[in-house]
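> Build me a structure from this.
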Amino acid sequence: MIQSLKAVVAMLIIFGHIGAVMYEKLDYDFLSIYHLGRTGGVDFFFMLSGFLIYYVYQKDIGQNRRNQFLVKRVIRIYPLLWFFTLISLPVYFLVPSFGGGHETEIGMIVKSLTLYPQHQPVLGATWSLSHVILFYLLFSLTIKKPLLGKIVGAVWAVTILVWWIISPDFLPSVYEVNFIFSPHNLEFLLGAMASHLTLKCKIRYGELFLLAGILGFISTWTNTLKDIIPLDITIGYSLSSLCIILGAYSIDSQQKVKINKLIDVFGNSSYSIIITNLPFIIFFAKVFDVLNIFELIGYTPAIIILILLTMIGGVTVHLLIENPLSSFLKKKLIKPKVQKNASPVNQTA
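I've put the predicted structure just below:
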């Protein structure tokens, strides 16, 4: 069931981008998503990534052997990022209206290809991958130097909390500094801590955790739109995501649920969907608008079709580009080793 959460993350991110594109390009607020600001997909993604990375690779921490964690992560993240960034650039140069106008700036392109922290990379959704890389660096340190990694992680977490609470508006606004102390980085650390706890303790009442998480998301959406109580949206999404992850893990450990193969495919394709969904959404929305499809069949049916096309596009990219490319690079760059114990969590984390 944990694997299916990757598909849920991808869907939440797609809905968030659909809402933004429909409002900014066509002045249509689909399900009030634009005014919601965030659907929680990114928060869920960070929490789940922290959980899965720790779960899959915790056995390597402190082991005196050649570790290839960072190489594996780079192979997974960068090639697909480079591929779609580079094929997107000609489109933005020839048809600037597909983007925001910043995509053709040389500095922006270099930052996008290296995942240097920035707010608006060429591929809009990939700003989150800069946080992913930062977490990978910390986890790689923890694998090689466990005590040092844990101390750095603990100090970092406390500093983020203090920074978040005091909100130092009196300091100059520097994106890189705000990036390092962003609450999003804390979500990775919380996900990893939750994973550590699941390995030490048996998590029960999975269904209740799952229900609490779902209700938490709904409550956070409602509260954000209605401004009922002054609750930070990141706290709402983080706690809700944590409940869902713990619930799914508990249910997995009891082997109660068999996941549909289609959901499994979407889960495996989640990274490709995250990378490609915004370009696909912009493209299909533009085509639909030119062909007057929104007016012909109505916005809701057209948006449903747009979502399906975006998901199919992401799965196609996963099967035809990401998988072959990743397999080729792993054969060339990663030395095979015998796995002594197979992990119950899918190792494509």
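> hey, let's count contacts and neighbours off CA atoms from now on
Noted.
> List the backbone torsions phi and psi for the residue nearest the centre of the chain.
For the chain, Phe45 is the residue whose C-alpha lies nearest the centre (Cα atoms, centre = their mean; 3.6 Å). Main-chain torsions, Phe45, degrees, to the nearest 10: phi -60, psi -40.
> tell me, how many neighbours does the residue nearest to it when sequence neighbours are not counted end up with?
Distances taken as Cα to Cα, 6 or more residues apart in numbering place Val9 nearest to Phe45, at 5.9 Å, with adjacent residues excluded. Per other Cα atoms under 10 Å, the neighbour tally for Val9 reads 25.
> ditto for Gly100
By other Cα under 10 Å, 12 other residues sit near Gly100.
> How is Leu231 assigned, secondary-structure-wise?
What DSSP: H, G, I helix; E, B strand; the rest coil gives for Leu231 is coil.
> quick one: low-confidence parts of this structure?
Across the chain, residues meeting the criterion (pLDDT under 70) sit at 65-66, 168-172, 256-257, 336-349.
> Go through whichever strand or helix holds Thr142 and flag the buried ones.
Applying DSSP states H and E as the criterion places Thr142 in helix 127-144. Residues 127-136, 138-144 are the ones in helix 127-144 that count as buried (16 or more other Cα atoms under 10 Å).
> ditto for stretch 259-272
Buried residues in stretch 259-272 (16+ other Cα under 10 Å): 263-272.
> Mind checking which of the residues you listed are in helices?
If you go by DSSP state H, the buried residues of stretch 259-272 have 263-268, 270-272 in helices.
> wait, which of those residues is closest to Ser253?
Proximity of those to Ser253 (Cα to Cα) peaks at Asp264, which lies at 17.5 Å.
> Backbone dihedrals for Arg115, please?
If you look again at residue 115, you'll see it is Leu, not Arg. The phi/psi pair for Leu115 (degrees, to the nearest 10) reads phi 60, psi 30.
> Can you get me a residue count around it?
Look at Leu115: counted by other Cα under 10 Å, it has 21 neighbours.
> same thing with Leu291?
11.
> Same check on the one 3 residues further on?
Each residue near Phe294 was counted by other Cα under 10 Å, and the total is 17.
> repeat for Ile229
As a burial measure, Ile229 scores 9 neighbours (other Cα under 10 Å).
> ok, it touching Thr222?
No - Ile229 lies out of contact with Thr222 (Cα atoms under 8 Å); the separation is 10.3 Å.
> Mind listing what's buried along stretch 294-308?
294, 302-303, 306-307.
> where's the closest residue to Ile263 other than its chain neighbours, which helix or strand?
Distances taken as Cα to Cα, 6+ apart put Ser4 closest to Ile263, at 6.1 Å, once the chain neighbours are dropped. For Ser4, the element it lies in under DSSP H and E is helix 2-26.
> Could you list the buried residues of that helix?
Of the residues in helix 2-26, 2-23 count as buried by neighbour count, 16+ other Cα under 10 Å.
> now stretch 326-338
Residues 326, 330 are the ones in stretch 326-338 that count as buried (16+ other Cα under 10 Å).
> who touches it?
The contact list for stretch 326-338 (Cα atoms under 8 Å, 6 or more residues apart in numbering) reads 68, 71-72, 75-76, 79.
> Mind doing that once more with 7 Å?
75-76 (Cα atoms under 7 Å, 6 or more residues apart in numbering).
> How many residues are close by Lys59?
11.
> Check Phe30 too.
Phe30 has 19 neighbouring residues, counting by other Cα under 10 Å.
> Thought Gly19 was touching it, still the case?
Yes - counting by Cα atoms under 7 Å, Phe30 does reach Gly19; the two are 5.5 Å apart.
> And stretch 126-146, how far out from the chain middle?
In this view, stretch 126-146 has its centroid 14 Å away from the chain centroid, taken as Cα atoms, centre = their mean, to the nearest Å.
> What would that stretch look like as CSV? C-alpha coordinates only.
In CSV, the C-alpha atoms belonging to stretch 126-146 read as follows (Å, rounded to 0.1, in the frame of the first residue of the first chain):
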residue,chain,number,x,y,z
THR,A,126,11.5,20.6,-10.2
TRP,A,127,12.1,23.3,-7.6
SER,A,128,11.2,20.6,-5.1
LEU,A,129,14.1,18.4,-6.3
SER,A,130,16.6,20.9,-4.9
HIS,A,131,15.2,20.0,-1.4
VAL,A,132,15.5,16.3,-2.4
ILE,A,133,19.2,16.6,-3.3
LEU,A,134,19.9,18.4,0.0
PHE,A,135,18.3,15.6,1.9
TYR,A,136,20.2,13.0,-0.1
LEU,A,137,23.5,14.8,0.8
LEU,A,138,22.6,14.6,4.5
PHE,A,139,21.6,11.0,4.3
SER,A,140,24.8,10.1,2.4
LEU,A,141,26.8,11.7,5.2
THR,A,142,24.8,9.7,7.7
ILE,A,143,25.6,6.5,5.9
LYS,A,144,29.4,7.2,6.0
LYS,A,145,29.5,9.0,9.4
PRO,A,146,26.4,8.0,11.3
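> so who does the nearest residue to Leu115 once chain neighbours are set aside touch?
Leaving aside its chain neighbours, Leu115 sits nearest to Ser130 (5.2 Å; criterion: Cα to Cα, 6+ apart). In this structure, Ser130 makes contact with 115-117, judged by Cα under 7 Å, 6+ apart.
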